[in-house]
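1. Pasting the sequence and the predicted coordinates here, then a few questions.
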Amino acid sequence: MAVTIEEVRHIANLANLEFSEEELRTFIVQFSNILDHIEQLRQVNTETIEPTYHAVVTEINSENSRRDNTRASFPQQVALMNAPDVEQGQFRVPKVIK
Amino acid sequence: MEYCRLSIAEIQDGVRQKQFSCREVVEDHLKRIEIAEPKLQAFVTVAAELALTRASSLDRDLAAGGPLRPLTGVPVAIKDNICTQGIKTTCGSRILQNYIPPYSATVVERLESAGAVIVGKTNCDEFGMGSSTENSAFGPSRNPFALDRVPGGSSGGSAVAVAAYESVGAFGSDTGGSVRTPAAFCGVLGLKPTYGRVSRYGLVAFSSSLDTIGPFARNVEDLAVLLQVIAGHDPLDMTSHRGTPDSYQSGIGASLRGHRIGVPFTLVEQGVEAEILQALRRTTEILKQLGCEIEEIALPHSGSAIDTYYLIAPCEASSNLARYDGVKYGYRTRRFSDLTDMYRRTRAEGFGPEVKRRIMLGTFALSSGYYDAYFLKASKVRTLLIRDFQNAFSQVDSILIPVAPTPAFKIGEKMSDPLAMYLTDIFTVPANLSGIPALSIPAGYSRNGLPLAVQLLGNHFQERRLLNVAYHLRQALAVNPPPLAV
């Protein structure tokens, strides 16, 4: 299945990614090859088949679920220690409200 | 004495009888790491000081009359996508290159409670995405049998560490073969346990319905101990299984008489290199001599496994990796105009090409208009694959197939062709899709001195049985390995 450059740009937007023009050209070829291979799945008859999302299902019920108890969490300093930009004990992000 | 060649039982005996200390064992491994690392690059981080401090503290505990624990003084290596409190955990990615976890994974806590000494964090394909360890932001690890070849991936560094005597055991993650393929390429044992048998808490998520943590070792007894320590229910992982794990060591050595092993001959004979097939045939002959019954089985949907996997795994990855936004932890781009621009540049600069490819593939397959045709379709084929295994296991006790279609390939050989790289996983992804345990077992060497391997699959929670078959095979197949390149 061939994908267009517009489609790839649209998906990149959805995924919050960016590509240079050169990356895009290589990417489209690789992406199309992979999708061509995946097309083979269409030949499998799944008309009456239910999907599986987890192969080994542990039923969650009130017996086996964890009690909703409060417990100690990370101190503020620890929670922030890997953040790229911190101010006054908070994560700093670019302005979002104009 | 070369303590780095010892097994777990030998370390236990030596420490118990005061022939050597935990510190001496760890020192010898660190010495070996220092010699081998410039050529192998198995580690992203060597935690030498921490390991020595810990070894000394274990020695003090023992001197004070403390008990010998199952892994007292045993040096282990941990894949760099498993969180270690206070030790950098990069996932082989630029986006996490300075990330120091504020907590440890459950497996790490269990290993430490059992007395193990973490010597370092091992190299891997970025976020576990790859089959060769070439997709690491820190450069590839090298195969200890041939330095111009890959060690397999994604847990390549862990396999190299064990194969090259840099650690006694190691841990990796296996989402589509990432423990088994490097084990096969490096000539060591590598186990992907049943999904839910080992806690995933603290394993950096790639594909949550497929991810498992598994051990590497040079002998079956060591592998059994390593599995025993990490297996069991964990309230911090809601997909962790509540049943009590078997006693893995006690199953080793039981007779294989009457054990039924299925081989899907028509499947394995396609596109598999001659020497891999020969190793498989040789293995079936040995198993027959050991009293096993070899039966031909069919896995009619296994031809669709690779396509199914390369939809489901990227879909789950695209969701899991959305968390890398340059805000809470990890890399953030320097120049940006607004919040969205910051996200995009951060991710474009922080992720490598394969991770981006999979995020894109997953985003595409989940996007409006394609969801039914791709993600839903793959999830239905997954049901059919599981049924194939259910049918097979009503007929046989375990299944024998190759691990990879070839031995270790050359560095760079498949880097420009992602699809060719994906096809390396053709025999490993079915176990992840169906949640069953699978063990990569060394099976001799090729003419040019590369490790060969076979893969044994069992029904859910049948790890004990797999280990026993592997034990017998190792006894019968004992061959002298070619010398290591370092």
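-> Nice, I can see it.
2. lowest-confidence helix or strand of chain A?
-> helix A:21-38 (a mean of 91; mean pLDDT, DSSP states H and E).
3. Report the buried residues of it.
-> A:Glu23, A:Phe27, A:Ile28, A:Gln30, A:Phe31, A:Asn33, A:Ile34, A:Leu35, A:Ile38 (16 or more other CB atoms under 10 Å in any protein chain shown). C-betas here are computed from N, CA, C, even on glycine.
4. What of stretch A:42-62?
-> Neighbour-count burial for stretch A:42-62 [16+ other CB under 10 Å]: A:Val44, A:Thr46, A:Ile49, A:Thr52, A:Ala55, A:Val56, A:Thr58.
5. Stretch B:146-160 now?
-> Buried-residue list, stretch B:146-160, by 16+ other CB under 10 Å: B:146, B:149-160.
6. Tell me if I'm right that B:Ala42 and B:Val119 touch.
-> No - when contacts are counted by CB atoms under 8 Å, B:Ala42 is not listed as touching B:Val119 (10.4 Å).
7. okay, and the common contacts of the two?
-> Applying CB atoms under 8 Å, 6 or more residues apart in numbering or on different chains, one finds that B:Ala42 and B:Val119 are jointly contacted by B:Ala77, B:Glu166.
8. would you list every one of the strands in the stretch 351-486 of chain B?
-> In the stretch 351-486 of chain B, the strands defined using DSSP state E, counting those that start in this stretch lie at B:398-402, B:438-445, B:451-458.
9. how far away is A:Ala15 from A:Glu6?
-> 15 Å (CB to CB, to the nearest Å).
10. so what pLDDT did the nearest residue to B:Arg94 once chain neighbours are set aside get?
-> What sits nearest to B:Arg94 in space, not counting adjacent residues and going by CB to CB, 6 or more residues apart in numbering or on different chains, is B:Ala137, at 4.4 Å. We have a pLDDT of 98 for B:Ala137.
11. ok, back up a step: same list (the strands of the stretch 351-486 of chain B) but as a markdown table, adding distance to chain A and mean neighbour count.
-> Putting those into a markdown table (distance: least, CB to the nearest CB, whole Å; neighbours: other CB atoms under 10 Å in any protein chain shown) gives the following:
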| stretch | distance to chain A | mean neighbour count |
| --- | --- | --- |
| strand B:398-402 | 16 | 25 |
| strand B:438-445 | 13 | 26 |
| strand B:451-458 | 13 | 27 |
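12. Output those in TSV; the columns should cover distance to B:Pro215 and mean pLDDT.
-> As requested, the strands of the stretch 351-486 of chain B are exported to TSV (distance: least, CB to CB, whole Å; pLDDT from 0 to 100):
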stretch	distance to B:Pro215	mean pLDDT
strand B:398-402	19	98
strand B:438-445	10	97
strand B:451-458	15	98
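13. right, and those strands - which one's nearest B:Gly130?
-> strand B:438-445 (16.9 Å; CB to CB).
14. tilt between that closest one and strand B:398-402?
-> Here strand B:438-445 points in a direction 50 degrees away from that of strand B:398-402 (axes from the mean of the first three to the mean of the last three CA atoms, to 10 degrees).
15. which residues make contact with strand B:438-445 from outside it?
-> Against strand B:438-445 from outside (CB under 8 Å, 6+ apart): B:179-181, B:183-184, B:187-192, B:279-280, B:282-283, B:403, B:428, B:431, B:451-458, B:463, B:466-467, B:470, B:473-474, B:477, B:479, B:481-482.
16. now swap in stretch A:55-65 and tell me
-> Taking CB under 8 Å, 6+ apart as the rule, stretch A:55-65 contacts B:194-196, B:209, B:238-242, B:382, B:386, B:433-436, B:460.
17. For B:Met120, which three-state class applies?
-> Quick fix: residue B:120 reads Gly, not Met. strand (DSSP: H, G, I helix; E, B strand; the rest coil).
18. and it, how many neighbours?
-> 30 (other CB atoms under 10 Å in any protein chain shown).
19. for it, what are its contacts?
-> B:Ile33, B:Phe43, B:Val44, B:Thr45, B:Val46, B:Ala47, B:Ala48, B:Ala51, B:Ala77, B:Ile78, B:Ala161, B:Ser167.
20. does the first one really touch B:Glu166, like I thought?
-> It stands for B:Ile33. Yes - under the criterion of CB under 8 Å, B:Ile33 makes contact with B:Glu166 at 4.8 Å.
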